[in-house]
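[1] Sequence and computational prediction follow.
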Amino acid sequence: MTTERAAGFILFREVQGQREYLIVKNRGGGAWGFPKGRLEPGEAPQAAARREVAEEVAITRLEPVPSFQQVLSYRFRRAGRTIDKKVVLFLARTDEQGEALPGEIQEIAWLPYKQALAQLTFPEQQELLKRAEAALADPNICQDN
C-alpha cells in the first residue's frame, strides 16, 4: 500500500455581510471539494497548502485561523494500487476572487454555507465544512479583525 500526504485550505470570505466558501471541481473525476494537493519532500503541511492554493486557484492572500486544523484520512485505488491518503486542511479568510488555473481544477465556486455543503461531493468534506462553520461561529475564533 502506498501512503500519500496532502494539504489544503478551506477558504472563506465575507461578501455583503455573508460568509462564502470556495469549493473547486477537479478535472479528474469531477468531484467538488477544497483546493489541496500533495506535499513535496520536506515540505510542511501549511506551506504545501499555501502553495497548492496558489497553484490551483491563484489565491495568495490568506489569513489562517490559527486554531483550525483537521485531518481527513481515506483509501482509494489508483492504477490498481491501494492508496492510503491523509489530508491536513486548514481554514483561512481571503479577499481574493481566485480563478481555476489550467491543470487539475475545472471550475471554482464561491457559495454560502448551505449551498457549499450541498455541492461538496464527499460526506467527509461536508463534515469538515460543518466544523469550519462551527469554528467561525464561535466568538473566541477570529471573526472580523
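    Yep, it's here. Numbering: from 1, shown residues only.
[2] what bits of this structure have low per-residue confidence?
    Counting by pLDDT under 70, the chain contains low-confidence ranges at 141-145.
[3] Give me the longest strand you can find in it.
    If you go by DSSP state E, the chain has its longest strand at strand 63-78.
[4] Each with direction, which strands does that one pair with?
    Applying DSSP bridges, strand 63-78 is found paired with strand 81-93 (antiparallel).
[5] so where do the helices sit in the chain?
    Using DSSP state H, the helices of the chain run over residues 45-57, 113-119, 123-137.
[6] any idea which of these is most buried?
    Per residue and on average, the most neighbours among these fall to helix 45-57, with a mean of 20 (mean count of other CB atoms under 10 Å). In short, each C-beta sits where N, CA and C put it, glycine included.
[7] Report the backbone C-alpha coordinates of it in CSV.
    Extracted C-alpha coordinates of helix 45-57, given in CSV (Å, rounded to 0.1, in the frame of the first residue of the first chain):
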residue,chain,number,x,y,z
PRO,A,45,1.7,20.9,5.6
GLN,A,46,0.7,24.6,5.8
ALA,A,47,3.4,25.6,3.3
ALA,A,48,2.1,22.9,1.0
ALA,A,49,-1.4,24.1,1.5
ARG,A,50,-0.4,27.7,0.6
ARG,A,51,1.5,26.5,-2.5
GLU,A,52,-1.4,24.3,-3.7
VAL,A,53,-4.0,27.1,-3.3
ALA,A,54,-1.7,29.5,-5.3
GLU,A,55,-1.2,26.8,-8.0
GLU,A,56,-4.8,25.7,-8.3
VAL,A,57,-6.8,28.9,-7.8
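[8] And the contacts of stretch 18-31?
    Residues from elsewhere that reach stretch 18-31 (CB atoms under 8 Å, 6 or more residues apart in numbering): 10-14, 32-35, 56-57, 59, 94, 98, 100, 103-113, 116, 119-122, 129, 132-133, 136.
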